[in-house]
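1. next come a sequence and a model predicted from it.
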Amino acid sequence: MNSAKNTPMKTTQKINGKKFGVYVLILMVSTLVLIAAYEIRHRMKYAISDAVFVKTDDLVTTSFNGVNGCIVKMTKQEGDYVKNGEMLASIDPETYRLAAEQTLGELNATKKDMEKQEIYLKRLRRDVELGEAKALDDVGRLKNETASLRASEAVLDPVIKQLERDKKRFEILYEAKAIPRRRAEEMATDLASKKEEKRVIAAKIDATLAALRAAKKQVEIVKTRRLEVRETKKAIEAANGRIDALGARLSQERLNLARCELKSPISGRIAQKFAATGDVVSPENPIYAIINPKDIYILVLLEEEKLYGVKRGCTANVSIDAYPNMKFKGVVKDVLPASAATFALVPRDISAGEFTKVSQRIPVKIAITKGDTSLLRVGLGGEVEIKRTGR
């Protein structure tokens, strides 16, 4: 009797169990369908890729510019923050300091020598101008005096000849008792006076000619001193050129002295340290590599079939594997015009027309607009979702 009653109850339980199983199965299928629908819709709305890399175009490698020597000081370690213009390292400046001091000494000595030559040239020009004017004036004056004396001498010659004739005539008249002795003596006195006057004039002419020769010689001396003026001017010009050359050399040596201190060209973080204190380095040796965190961006190698709707200005959600609990926001900065394979070291040879179809990846740059970029390190990977704007 009890067995008959239990049989319908068990049958009812089995039917209810089957219904519950069907309900669960339907619920699971519905959930999967909803999830699949959401995933399909999500993937249609977003371009998703895990080919994500943290990159920067502002990786600066610093080195000593134009100078070499032994590093005596390094102020930063890898990971340290630096400011633009902050000193990173220095080399022994003694060689460049001594060179600058020596050039400065030569420059000052050359300037003093040129100043002396300029003072001498000024005095020389004044002396030459005054001496030449005086010498030329003396030559003209003495020429005039000589001409005047010769004219006076020429006037006396006929007078003396006439007096000599008159003297002879008066001597004859005196012997003939025609004139008194006094008249003959007066004539002889006049003749002697004129001859003495002529002798004095002749002596003056000789003296004037001697003075004239001296004045002409002085003119030649002045001409020689004019040559000295020109030579002094050339020496001053040469000294001025040497001063310019020494000034340029001093500027370069002072610049080299300043370059003994290596300063950061940007504000950022030390990514790599290539040298140590005591190393001997030359201009081509790298010392530090610096990254500017503000210039870090996300590079996505997006498959070509996912490229539709992705363009400049699209927003993006970025997650980095190193920080799974952090989210970064970004915006597409650029979609590059060539695939990543275009610039591969060993490009594919498709000239024969035989090749395997491979999905190409297009580089997409994403600028980070929200998130702590100081945590990011160049080379980190992650995942990105780029919101499409339509086909």
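-> Yes, it's here.
2. do you have the strands of the stretch 1-150 of the chain handy? List them.
-> Per DSSP state E, counting those that start in this stretch, the stretch 1-150 of the chain has strands spanning 46-56, 59-62, 69-74, 81-82, 87-91. These are given in chain order.
3. can you give me the offset of the second one from its chain's centre?
-> From the chain centre to the centre of strand 59-62 is a distance of 21 Å (C-alpha atoms, centre = their mean, to the nearest Å).
4. and if you look at the first one?
-> The chain centroid and the centroid of strand 46-56 are separated by 42 Å, computed with C-alpha atoms, centre = their mean.
5. alpha carbons of that strand, as PDB, please.
-> Taking Å, rounded to 0.1, in the frame of the first residue of the first chain, the C-alpha atoms of strand 46-56 are listed here in PDB:
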ATOM      1  CA  TYR A  46      35.700  48.800 -29.500                       C
ATOM      2  CA  ALA A  47      38.900  47.800 -31.200                       C
ATOM      3  CA  ILE A  48      40.600  45.600 -28.700                       C
ATOM      4  CA  SER A  49      44.300  44.500 -28.800                       C
ATOM      5  CA  ASP A  50      46.900  43.200 -26.400                       C
ATOM      6  CA  ALA A  51      49.800  44.200 -28.700                       C
ATOM      7  CA  VAL A  52      50.300  47.300 -26.500                       C
ATOM      8  CA  PHE A  53      53.700  48.800 -25.600                       C
ATOM      9  CA  VAL A  54      54.700  51.800 -23.500                       C
ATOM     10  CA  LYS A  55      56.900  54.000 -25.700                       C
ATOM     11  CA  THR A  56      58.500  57.400 -25.900                       C
END
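6. so what strands line up beside it?
-> In the sheet, strand 46-56 lines up against strand 296-303 (antiparallel), strand 381-387 (antiparallel) (DSSP bridges).
7. just name the most buried of the strands of the stretch 1-150 of the chain.
-> Across the strands of the stretch 1-150 of the chain, the average number of neighbours (mean count of other C-beta atoms under 10 Å) peaks for strand 87-91, which reaches a mean of 20. (Glycine included, C-beta is placed from N, CA and C.)
8. so what strands line up beside that strand?
-> Here strand 87-91 is paired, per DSSP bridges, with strand 69-74 (antiparallel), strand 261-263 (antiparallel).
9. need the ones you listed in JSON lines (columns: mean pLDDT and distance to residue 255).
-> As requested, those are arranged in JSON lines below (pLDDT from 0 to 100; distance: least, C-beta to C-beta, whole Å):
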{"stretch": "strand 69-74", "mean pLDDT": "95", "distance to residue 255": "15"}
{"stretch": "strand 261-263", "mean pLDDT": "95", "distance to residue 255": "12"}
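10. measure residue 91 to residue 77 for me?
-> Using C-beta to C-beta, to the nearest Å, we find residue 91 at a distance of 19 Å from residue 77.
11. hang on, I meant residue 154
-> Distance check for residue 154 against residue 77: by C-beta to C-beta, it reads 110 Å.
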